[in-house]
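Trainee: need a structure here:
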Amino acid sequence: MKKILRIVLPLLFLLLGVGVFVFIFFSVKNKAQEGVISPTSQVQPTAKPQIEWGLWQDQFGFSFEYPTVLEAKQEEVKDKDSYVVLSSPLEAGKIVVSFGEAPQETIGEWFKAYKEATASSKVEDIKLSERQAKKIIFEGEKRLVTAMIDEGDLIIIDGNLGQDELWNKAYDRILTSFYLEPVEEKAPTSGSGGGMEGEELFLEGEIEE
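Mentor: Residues are numbered from 1 along each chain as shown. Below you'll find the model as predicted:
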């Protein structure tokens, strides 16, 4: 009997050890697989911050929306009544909105005289504030120029767009939100001279957020 126990007991311990090892092995394997396919372990993409839009209202009767993360500044430039520069200290790029006297009568004549456009540039006829305009897309689509002539005034929106998608969104928003106040024709007043000449009151360009 003792001889049988000496043989059976080691076998039982061996089988028990094998059973425990197999149980632990498959338990660890199943947990590892669950960790891989578990939805909670997946990296969730971070949401991009929403763009806040401000409104530029210019003293010469036009306005447009732009991202408030960009700096909007009025600069003095020869032969331009208004010269608004949008820039960023963090991202390379710049958009300029200029307003001044038109050297041509129509936008078609302006485009014929515009020497910066090349054979590889694309040209689109679009509407800007319900008026006819030309949109020039330069090679590589990193520079866009949109121009419009109205009542003898030339408006140019010149965008040198960087790598960040923000600049493309900013340019598109400027075009879609651009508004130019119509020129009101005033009837001439009768009477002789000697009175004070009429004055036009312009509001300073400002940024509303």
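Trainee: only C-alpha atoms from now on, for both contacts and neighbour counts.
Mentor: Fine.
Trainee: break this structure into its domains for me.
Mentor: Here the domain parsing of the chain from automatic domain parsing is 2-36, 53-180.
Trainee: single out the most deeply packed of those domains.
Mentor: domain 53-180 (a mean of 17; mean count of other CA atoms under 10 Å).
Trainee: any idea of the mean pLDDT for that domain?
Mentor: Averaging pLDDT along domain 53-180 gives 95.
Trainee: ends of it, how far apart?
Mentor: 19 Å (CA to CA, to the nearest Å).
Trainee: quick one: residues in contact with stretch 110-129.
Mentor: 103-104, 132-139, 148, 175-180 (CA atoms under 8 Å, 6 or more residues apart in numbering).
Trainee: what do you get if the cut-off is 7 Å, keeping everything else the same?
Mentor: 104, 132-139, 175, 178-180 (CA atoms under 7 Å, 6 or more residues apart in numbering).
Trainee: among the residues you listed, which lie within strands?
Mentor: Q132, A133, K134, K135, I136, I137, Y179, L180 (DSSP state E).
Trainee: doesn't Y171 fall inside a helix?
Mentor: Yes - the assignment for Y171 is a helix, going by DSSP: H, G, I helix; E, B strand; the rest coil.
Trainee: gap between the closest residue in space to it that isn't next to it in sequence and Q104?
Mentor: Once flanking residues are discounted, Y171 sits nearest to G159: 7.0 Å by CA to CA, 6 or more residues apart in numbering. Using CA to CA, G159 is found at 22 Å from Q104.
Trainee: likewise for I155?
Mentor: Taking CA to CA, one finds I155 at 12 Å from Q104.
Trainee: grab the nearest non-local neighbour of L180.
Mentor: Per CA to CA, 6+ apart, closest to L180 is F62, 4.3 Å.
Trainee: hang on, F64 packs against S177?
Mentor: Yes - shown here, F64 and S177 form a contact pair, counting by CA atoms under 7 Å, at 5.3 Å.
Trainee: quick one: the helices in this protein, in order.
Mentor: Using DSSP state H, the helices assigned to the chain run over residues 2-37, 107-113, 165-177.
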